[in-house]
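J.: A predicted structure for the sequence below; I have some questions about it.
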Amino acid sequence: MNLILVTFIILLAFTSYYFGRKKALVIQSSQRLTALPKFYGYYLAAWCAAPALIIFALWSVFEPSIVKTFILQDYTDQNLTKNELQLIYTKVKALAAGTYTGNITNFLDESANKYIQLKGIANSAKVAIILAILIFSLSFAYRSVQKNDRMREPVEIFLKWVLFVASLGAVLVTIGIVFSLLFEAIRFFQAVKIFDFIFGTHWYPAKTFVRDGQPDPELMKDAFGAVPLFAGTFFIAFIAMCVAIPIGLLSGIYLSEYAGRGVRKYAKPIIEILAGIPTVVYGFFAALTVGPFVKEIGNAMGLEVSAESALAAGAVMGVMIIPFISSLSDDVMTAVPQNLRDGSYAMGATKSETVKKVIFPAALPGIVGSILLAVSRAVGETMIVVMASGLAANLTMNPLESTSTITAQIVVILIGDQQFGDPKTQSAFALGISLFIVTLFLNVIALSVVKKYREKYE
Amino acid sequence: MLKNIGKNMNSFKKNLLKKRYNAERRFQWYGKIAIGLALSFLAVFMFQIFSKGYSAFQKTWIVTEVHYDKELLLIDAESPSKDDLENADYYDVAYKAMTSLDPGLPEEEDRQLIQMVSYKYEAEVKDLLLKNPDYLGKIVPIKLTASDDVDQVHKGNYPRDIPEENRRVNDYQLQIYDMLNERGDILSEFNISFFTSPDSREAELAGIASSFMGTVFSILVCLAFSFPVAVLAAIYLEEFAPKNKFTDFIEVNINNLAAVPSIVFGLLGLGVLLAVFNLPRSTPLVGGITLSLMTLPTIIIAARASLKAVPPSIREAALAMGASNMQTTMHHTVPLSMPGTLSGTIIGLAQALGETAPLILIGMVAFVNTIPGTPVDPAASLPVQIYIWSESAERGFVEKVSACIMVLLAFLILMNLAAQIVRHKFEKKWS
């Protein structure tokens, strides 16, 4: 139904384009055109499609909730909770669609009939309104075509608005992220105190799962302490940085200061392949090859090593991050002006002394920025940890034990079927918002550091 | 006296110089070692994947003889129609085909033989007859898919020397396997079914068709949503946006969005697309939209960069000829910037292709054993398939995962090559 309506609108827009262009050619025979003939077509097509499609979109967004309020009006006197009402509404919809299998009460049947009726009314109203709008806007547009008004300006203003609305897309996504996270997180913090979440040291959400009923508030208090996750996240990121910073930085220095053009041309893109490999592949590699390898070495040295150690996950993550540091630091060091180097050489310094005492300090802000970006990347990394570092949230500083991270817990909680309204599900959104804040913070600092640095030399 | 001091100074200087030169050489070596390490990580990694995965492209078959006995098939008609063959009972025929490998085996042990082929062997027996109806009543050789354990033994991935109780293939089965192998009745052929069949719980039957189609649909949906919006947004920001606070706000937004962890987009998909808009769970449609939100900033940034690279002289020339701002942009700047935009788009899509976490959150990890035909059918995607298989315990899945990774990497390499070609072939060099 909706598809037919949209296709109809679009087809009509196309026809009105051709109609408008033809009309312009007719006008041309008696008076001077105000724009190229195609603008007459665009003008008609835009007036045809835009208002109708906007109304259609608004209608589609608001119709379900309006129908829902009408249906649930009959149930207001029964003092039901929000979840029960939702359940009833789902039942009514299933009954109306003929897919309901439970026992049917009279009341439910009545509601289903009402639902079908309402839907029918809504559908015909929608078609009628959209047809009316089409007729109205087309006749309005046709009148100005007939009067031979200026055609190009309105079309260009319209296009500009389309461009502007598209650029709002990114803002919309951000708003969507913030609201979807906040909405669930706030409900979570109604059940669990925010203090218990930020400072609690036990993370064990499975404990709170109770079939049909409210979990014990005492249990809740102790189950959602996120400290082990925060600690695990930064611990694994720290291990990753221990691998990535030395290798990445030294590679970056070598590439920018020592390597010949040939080496640079090939080595840089090859190292960058490391950043292009999907993380799930690294996860598989860490779980199947690096994990057992670390365990074997540890056992040979007489250490107790878990098969899913933080070390394996962190090391593999570090390898993934090398190119972020090497390429960015290579770029910032190449951007250091040549006269700084020349000055240093003129004082008799060797190349390495120049790098250490002149170029590196000059490029430091940029390098710090690239490291911060890499940390934010490591904090947000999911699949490697899920597959290689275990899922139990231990509060530990031993790299040979398994730890879990914020991202891994989000996956653990939300994999499979979720029930909205359950504090366990909501806790994933609370974790998500803390992750969002941490990475946002790191990025804002990193970007501003890099920007300041750029201004210094440009 | 003075001469001596001079001599000492000289040797001191020489020593110092030597020290400094040594430090110089050492420093160079650190750099070389670092690059060497990074490259060797890549090499080890690729080697591991390839050495584990190449065997998955071979499939092991067991050849035996099947007698399409009319009585056992329970076919009464003199010249049976297609329907008769379709509805015949193949259990006994298939069973006999397997047990005939060792006629001396007591009946209660026959499971051991049956376990050597995939559980679908009865269907394979049936398919052969349906394809060749004239086999009815004859004894013909037939290829049956070997079970995952026999497959691994044949490929040498399975240690034979561990004690029998720790092995999934027992001594008797190994004996039969050796006998068949000597007779040349174990075949190893290119594994077409890996590419044409959907996922399965049995490693020997599992293929990537369902997840491959899931990936293709998600990427197409992602392209359809992100490309137009991103290009239009980039045009606005680069060509029309007034310099004010709101434009700055949009720009900051885009830059930050590019660095948001992918899993947060998964939460967005779950909390908004599934919970509010009630789109169907586990489908490439939702997956694609989620990925498109993620690729949006990448494409916007690439498109803006390539719009910026179009020299102002082009714009000035068009404006001087009397074109309006919109005409200048749409007829000259945007077409000239397209190669850069397209290669940025392909790179953004390649990133989206490898994403796993957001797709897991919107339910694309469900076990799907049908090949999706539209974007609203439930499906997995290649990276998610890697995750699902790597969580499976069976040994046969290890090589499947590696093979799936090889397919995914091949896909990524192709896309990056395409991006390179678009950039180098079509981009104009100014200056």
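T.: Alright, I've got the coordinates. Quick caveat: nothing in here was measured; it's all calculated off a predicted structure.
J.: Tell me the secondary structure of A:Gly314, please.
T.: helix (DSSP: H, G, I helix; E, B strand; the rest coil).
J.: In contact with it, which residues?
T.: Residues near A:Gly314 by C-beta atoms under 8 Å, 6 or more residues apart in numbering or on different chains: A:Phe235, A:Ile236, A:Ala237, A:Phe238, A:Ile239, A:Ala240, A:Cys242, A:Val243, A:Ser389, A:Pro399. To be clear about C-beta, it is placed using only N, CA and C from the backbone, and glycine gets the same treatment.
J.: try 10 Å
T.: A:235-244, A:286, A:378, A:384-385, A:388-389, A:399, A:403 (C-beta atoms under 10 Å, 6 or more residues apart in numbering or on different chains).
J.: likewise B:Asn8?
T.: Taking C-beta under 10 Å, 6+ apart as the test, B:Asn8 contacts no residue whatsoever.
J.: any chance you could map the strands in the stretch 1-150 of chain A?
T.: Using DSSP state E, counting those that start in this stretch, the stretch 1-150 of chain A contains no strands.
J.: What sits closest to B:Gln420 if chain neighbours are left out?
T.: B:Ser343 (7.3 Å; C-beta to C-beta, 6 or more residues apart in numbering or on different chains).
J.: go on, A:Leu85?
T.: A:Leu72 is the one closest to A:Leu85 (C-beta to C-beta, 6+ apart), at 5.5 Å.
J.: one step back: wait, the residue nearest to B:Gln420 touches B:His424, no?
T.: Yes: counting by C-beta atoms under 10 Å, B:Ser343 sits close enough to B:His424 to count as a contact (9.0 Å).
J.: higher neighbour count, these two?
T.: More neighbours surround B:Ser343 than the other of B:Ser343 and B:His424, with 22 against 11 (other C-beta atoms under 10 Å in any protein chain shown).
J.: Could you look up the next helix or strand downstream of the helix or strand of chain A with the lowest mean pLDDT?
T.: Lowest by mean pLDDT, DSSP states H and E among the helices and strands of chain A is helix A:217-223, with a mean of 69. With elements assigned by DSSP states H and E, the helix or strand that comes after helix A:217-223 is helix A:227-253.
J.: So which elements touch that following helix?
T.: Judged by 3 or more C-beta pairs under 10 Å, 6 or more residues apart in numbering or on different chains; DSSP states H and E, helix A:227-253 is in contact with helix A:194-199, helix A:261-276, helix A:310-334, helix A:360-380, helix A:383-388, helix A:406-414, helix A:423-457, helix B:2-53.
J.: now the angle from the longest one to helix A:261-276?
T.: What that stands for is helix B:2-53. 50 degrees (axes from the mean of the first three to the mean of the last three C-alpha atoms, to 10 degrees).
J.: Look at the residue positioned nearest the centre of chain A and report its pLDDT.
T.: With distances taken as C-alpha atoms, centre = their mean, chain A has A:Ile177 as the residue nearest its mean C-alpha position (6.8 Å). With respect to pLDDT, A:Ile177 scores 90.
J.: what about B:Glu109, how many neighbours?
T.: Burial of B:Glu109 is recorded as 11 neighbouring residues (other C-beta under 10 Å).
J.: so it sits right up against B:Ile176, yeah?
T.: No: the criterion here is C-beta under 10 Å, and B:Glu109 misses it with B:Ile176 at 11.4 Å.
J.: Could you list the low-confidence segments of the stretch 301-431 of chain B?
T.: B:431 (pLDDT under 70).
J.: sorry, that was for the stretch 301-450 of chain A
T.: In the stretch 301-450 of chain A, residues with pLDDT under 70: A:416-421.
J.: Any stretches of the stretch 51-200 of chain B with poor pLDDT?
T.: In the stretch 51-200 of chain B (pLDDT under 70), no residue qualifies.
J.: Indicate the residue of it located nearest to chain A.
T.: Going by C-beta to the nearest C-beta, chain A is nearest to B:Lys52 of the stretch 51-200 of chain B, at 8.1 Å.
J.: what pairs with the longest strand anywhere in chain B, and is each one parallel or antiparallel?
T.: Across chain B, the strand with the greatest residue count (assigned by DSSP state E) is strand B:58-67. Applying DSSP bridges, strand B:58-67 is found paired with strand B:139-145 (antiparallel), strand B:186-190 (antiparallel).
J.: nearest to A:Phe136, of those?
T.: strand B:186-190 (64.2 Å; C-beta to C-beta).
J.: what's downstream of the closest one, the next helix or strand?
T.: helix B:193-196.
J.: does any part of that following helix sit near chain A?
T.: No: for helix B:193-196, no contact with chain A is found by C-beta under 10 Å from any C-beta of the partner chain; the gap never falls below 17.4 Å.
J.: what about residue 223, how many residues close to it?
T.: Just going to use chain A. Other residues close to A:Ala223 by other C-beta under 10 Å number 23.
J.: switch to chain B, that's the one I care about
T.: For B:Leu223, using other C-beta under 10 Å, the count is 20.
J.: Now it. Nearest residue, chain neighbours left out?
T.: B:Leu349 (6.3 Å).
J.: Same check on A:Lys268?
T.: A:Leu255 (6.0 Å).
J.: And the pLDDT for that neighbour?
T.: Note for A:Leu255: predicted pLDDT of 91.
J.: just checking, it touches A:Ile322?
T.: No: A:Leu255 is beyond contact range of A:Ile322, at 11.9 Å (criterion: C-beta under 10 Å).
J.: Now do the shared contacts for those two.
T.: By C-beta under 10 Å, 6+ apart, the residues touching both A:Leu255 and A:Ile322 are A:Ile271, B:Ala34, B:Ile35.
J.: Which one of those residues is nearest to B:Phe12?
T.: B:Ala34 (33.2 Å).
J.: Roughly how far does the closest residue to B:Lys52 other than its chain neighbours sit from A:Asn2?
T.: Take B:Lys52 and drop its neighbours on the chain: the residue closest to it by C-beta to C-beta, 6+ apart is B:Ser402, 4.0 Å away. B:Ser402 sits at a distance of 45 Å from A:Asn2 (criterion: C-beta to C-beta, to the nearest Å).
J.: cool, and B:Phe12?
T.: 89 Å.
J.: same question, B:Val140
T.: 55 Å.
J.: Equivalent analysis for A:Ile55, please.
T.: 13 Å.
J.: Between these two, tell me which one has more neighbours.
T.: Per other C-beta under 10 Å, whichever of A:Ile55 and A:Asn2 has more neighbours is A:Ile55, with 16 against 11.
J.: For stretch B:248-266, what is the distance to the chain centroid?
T.: 26 Å (C-alpha atoms, centre = their mean, to the nearest Å).
J.: Next, the distance between the ends of it.
T.: 27 Å (C-alpha to C-alpha, to the nearest Å).
J.: mind listing what's buried in that stretch?
T.: B:250-251, B:253-266 (16 or more other C-beta atoms under 10 Å in any protein chain shown).
J.: Then stretch B:364-382?
T.: Applying 16+ other C-beta under 10 Å to stretch B:364-382 flags B:Met364, B:Val365, B:Val368, B:Ile371, B:Pro372, B:Pro375, B:Asp377, B:Pro378, B:Ala379, B:Ala380, B:Ser381, B:Leu382 as buried.
J.: And for stretch B:154-163?
T.: For stretch B:154-163, by 16+ other C-beta under 10 Å, it's B:His154, B:Lys155, B:Tyr158.
J.: on that earlier part again, show me the buried residues of stretch B:248-266 that map onto helices.
T.: Per DSSP state H, helices hold the following members of those: B:Ile250, B:Glu251, B:Asn253, B:Ile254, B:Asn255, B:Asn256, B:Leu257, B:Ser262, B:Ile263, B:Val264, B:Phe265, B:Gly266.
J.: filter these by proximity to chain A?
T.: B:Ile250, B:Glu251, B:Asn253, B:Ile254, B:Asn255, B:Asn256, B:Leu257, B:Ser262, B:Ile263, B:Val264, B:Phe265, B:Gly266.
J.: what would those residues look like in a markdown table with distance to A:Tyr453 and pLDDT?
T.: Below are those laid out as a markdown table (distance: C-beta to C-beta, whole Å; pLDDT from 0 to 100):
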| residue | distance to A:Tyr453 | pLDDT |
| --- | --- | --- |
| B:Ile250 | 24 | 90 |
| B:Glu251 | 19 | 88 |
| B:Asn253 | 22 | 88 |
| B:Ile254 | 21 | 90 |
| B:Asn255 | 16 | 87 |
| B:Asn256 | 19 | 87 |
| B:Leu257 | 23 | 89 |
| B:Ser262 | 28 | 92 |
| B:Ile263 | 30 | 93 |
| B:Val264 | 28 | 94 |
| B:Phe265 | 30 | 94 |
| B:Gly266 | 33 | 92 |
